[in-house]
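Engineer: the sequence and its predicted three-dimensional model are supplied below.
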Amino acid sequence: IRVCFPPNRIVYKQTTLPALLAAHTGEWRITPDSDGHTATSRHTAVLNPDAIHRILGPTATTADARTHVHNALSTNSRTTLQHAKTHTENHTP
């Protein structure tokens, strides 16, 4: 679910979660700067401790799960924001 707060903020809640997460919300914010605009993302995630060994293996720790989730969410946000950037640059009059 995404909620837009024009002109510069989108907040969301992920309703279908990967096994390692019990909850995930986030925010995208666009702020003007000297080069045009900067987009940033922020995540709040709650790990599902019962899934750690099943997903990451029997020796995985909570810290391993945190790192795994951080990397996945960061990669997804960078990809989404890059698509938004490309779309905006190609459709701005």
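Structural biologist: Okay, I see it.
Engineer: quick one: low-confidence parts of the chain?
Structural biologist: Counting by pLDDT under 70, the chain contains low-confidence residues at 92-93.
Engineer: and the strands in it?
Structural biologist: With strands called from DSSP state E, the chain shows them at 2-5, 9-13, 21-33, 36-47.
Engineer: tell me which of these lies nearest to residue 63.
Structural biologist: Across those, the minimum distance to residue 63, taken as C-beta to C-beta, is reached by strand 36-47, at 10.3 Å. Any C-beta I mention is one placed from the backbone N, CA and C, and that applies to glycine too.
Engineer: returning to what we had before: and of the strands of the chain, who's closest to residue 64?
Structural biologist: Per C-beta to C-beta, nearest to residue 64 of the strands of the chain: strand 36-47, 10.4 Å.
Engineer: pull out the buried residues from the longest helix seen in the chain.
Structural biologist: When every helix of the chain is counted residue by residue (DSSP state H), the longest turns out to be helix 62-91. Of all the residues in helix 62-91, those buried under the rule 16 or more other C-beta atoms under 10 Å are 65, 68, 69, 73, 77, 81.
Engineer: can you list the residues you listed in a markdown table and add distance to residue 19?
Structural biologist: Formatted as a markdown table, the buried residues of helix 62-91 follow (distance: C-beta to C-beta, whole Å):
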| residue | distance to residue 19 |
| --- | --- |
| 65 | 10 |
| 68 | 11 |
| 69 | 11 |
| 73 | 14 |
| 77 | 20 |
| 81 | 25 |
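Engineer: what is the nearest of these to residue 21?
Structural biologist: For residue 21, the closest of these turns out to be residue 69, at 6.7 Å, with distances computed as C-beta to C-beta.
Engineer: OK, contacts around the closest one?
Structural biologist: 20, 21, 45, 47 (C-beta atoms under 8 Å, 6 or more residues apart in numbering).
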